[in-house]
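Visitor: My questions are about this predicted structure, shown below with the sequence.
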Amino acid sequence: RDVTGVQTCALPISKIGNCIRFRSSGFRHPMIRTLSNIRRLVHAARVLARHDALVPREYAAAMPFSLRVMRRILGSRQTGGDGAAAGVRLSRALESLGPAYIKLGQVLATRPDLIGGDVASALETLQDSLPPFATDVAKAQVEIALGKPVTELFSAFGEPVAAASIAQVHEAETTNDPPRRVAVKVLRPGIERQFAEDLSAFAFAAGLAERFSSEARRLRVTAVVDTLATSVALELDLRMEAAAASELRDNTRSDEDFRVPEVDWDRTGERVMTAEWIDGIGVRDGAAITAAGYDRSSIAVAVIRSFLTQALRDGFFHADMHQGNLFVDRQGRLVAVDFGIMGRLDPEMRRFLAE
């Protein structure tokens, strides 16, 4: 930390969680950090146990005696008696623990080798949604991030229309002549500190696991945490998402069945991103798509074609094209939003995949 309070990072990926922590919360003594990590992990263990997701009843008979005792101490039988499968109970528990655990669940959903196919499948439905924070707070965040009063930037600024683990989105209207409808994405207040503390606890737990368990070393649980930390570090700077959206828009500008909203760079910063408003139907709403007269099979083909075109033609692709991030506009085109997770392939890999 320099005299201005600005922290710069030049760390390997394995330490990026520490980088986020120092940026958001300053230096902490190692002993204090260790105690904090233990406290947070114990809390998480209790929540998982209450959902019968820490040592699920389906696997209890095969567990060592010590784990069965811990299961009883932590109260695994308090909830989770509605007949839901183990993966569903785990999904509920992670969602209740907050943003970092939601992200962890989404990463684990890609690792059936680590948690089993049934549980991984259940985690794929993990909802990345939380209650919104107040619009007045969002306006204050915009003013701080962009250095101008909200009234100078927007003639109208509505209530949140979507709230996820890291940010929420507001519909607004710019002060341009003529005004433009836009979507304003605002990071949650204090989200950096919350992620930093949880990521530190994850790294601590992964380190312990690999130290004492050969199975954990084989499964490279530290690498899972590194992947999560890297993804979060990029998502917490909305300028990175805006840059990704702009690049993808340039690459797909001439594509007939896929489009990307235009970024408003004058109203975009580290904690705020503004882009054109999209009027469309979410692809998860199959009934509405059918009622509007669109062919769902054609839309499905467009999803696959768009992904392969981006990956193989351009080497830069939207890596989070789930149903919550895709819409069908009035012209029947597929429209993608949320560019926090992107992928890039070099020419050799693109050629290999194409062949």
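Guide: On my side now, so go ahead. Keep in mind it's a predicted model, so treat the numbers as computed, not measured.

Visitor: I'd like the distance between S231 and A134.
Guide: 27 Å (Cβ to Cβ, to the nearest Å). For the C-beta atoms, the positions are set from N, CA and C on the backbone; glycine is no exception.

Visitor: before we move on, what about I144?
Guide: Applying Cβ to Cβ to I144 and A134 gives a distance of 15 Å.

Visitor: Also R259?
Guide: Distance from R259 to A134, by Cβ to Cβ: 33 Å.

Visitor: higher neighbour count, these two?
Guide: Applying other Cβ atoms under 10 Å to R259 and A134 shows that R259 carries more neighbours, namely 20 against 11.

Visitor: Start and end of stretch 312-321, how far apart?
Guide: Its first and final residues considered, stretch 312-321 spans 16 Å by Cα to Cα, to the nearest Å.

Visitor: May I see the buried residues of it?
Guide: By neighbour count on 16 or more other Cβ atoms under 10 Å, the buried set for stretch 312-321 is D314, F316, F317, H318, A319, D320, M321.

Visitor: Check stretch 327-341 too.
Guide: Using 16+ other Cβ under 10 Å as the test for burial, stretch 327-341 gives F327, V328, G332, R333, L334, V335, A336, V337, D338, F339, G340, I341.

Visitor: Quick one, grab the pLDDT at the fifth one.
Guide: Spelled out, that is L334. You'll see L334 listed with a pLDDT of 96.

Visitor: Give me the distance between it and V150.
Guide: 32 Å.

Visitor: by contact count, what packs against the helix or strand encompassing R33?
Guide: Taking DSSP states H and E as the criterion, R33 maps to helix 30-50. Counting contacts by 3 or more Cβ pairs under 8 Å, 6 or more residues apart in numbering; DSSP states H and E, helix 30-50 packs against helix 65-74, helix 86-97, helix 191-212.

Visitor: what's the distance between it and the middle of its chain?
Guide: 22 Å (Cα atoms, centre = their mean, to the nearest Å).

Visitor: what angle do that helix and helix 86-97 make?
Guide: Taking axes from the mean of the first three to the mean of the last three Cα atoms, to 10 degrees, one finds helix 30-50 and helix 86-97 inclined to each other by 130 degrees.

Visitor: so where's the chain uncertain?
Guide: Applying pLDDT under 70 to the chain flags residues 1-28, 59-68, 70-82, 127-129.

Visitor: tell me the contacts of the residue most central in space within it?
Guide: What sits nearest the mean C-alpha location of the chain, by Cα atoms, centre = their mean, is K103, with 5.3 Å. The contact partners of K103, by Cβ atoms under 8 Å, 6 or more residues apart in numbering, come to S165, L228, S231, V232.

Visitor: For those residues, pick the one with the most neighbours.
Guide: Comparing the contacts of K103 by number of neighbours (other Cβ under 10 Å), V232 comes first, having 26 neighbours.

Visitor: That one: which element?
Guide: V232 belongs to helix 221-235 when assigned by DSSP H and E.

Visitor: Could you measure from L345 over to A203?
Guide: For L345, the distance to A203 (Cβ to Cβ) stands at 29 Å.

Visitor: ok, now W277?
Guide: Taking Cβ to Cβ, one finds W277 at 39 Å from A203.

Visitor: Give me the more crowded residue out of those two.
Guide: More neighbours surround A203 than the other of W277 and A203, with 22 against 17 (other Cβ under 10 Å).

Visitor: Hmm, the more buried one is touching T222, no?
Guide: Yes - A203 lies in contact with T222 (Cβ atoms under 8 Å); the separation is 7.3 Å.

Visitor: what sits against V184?
Guide: Contacts of V184 (Cβ under 8 Å, 6+ apart): A138, V142, F154, F157, V169, H170, E171, A172, R267, V272, M273, T274.

Visitor: any chance of the residues you listed in TSV, plus distance to L248 and neighbour count?
Guide: Output for those, formatted as TSV (distance: Cβ to Cβ, whole Å; neighbours: other Cβ atoms under 10 Å):
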residue	distance to L248	neighbour count
A138	26	26
V142	24	25
F154	25	23
F157	27	18
V169	18	22
H170	23	24
E171	22	16
A172	23	25
R267	19	21
V272	20	23
M273	14	29
T274	17	29
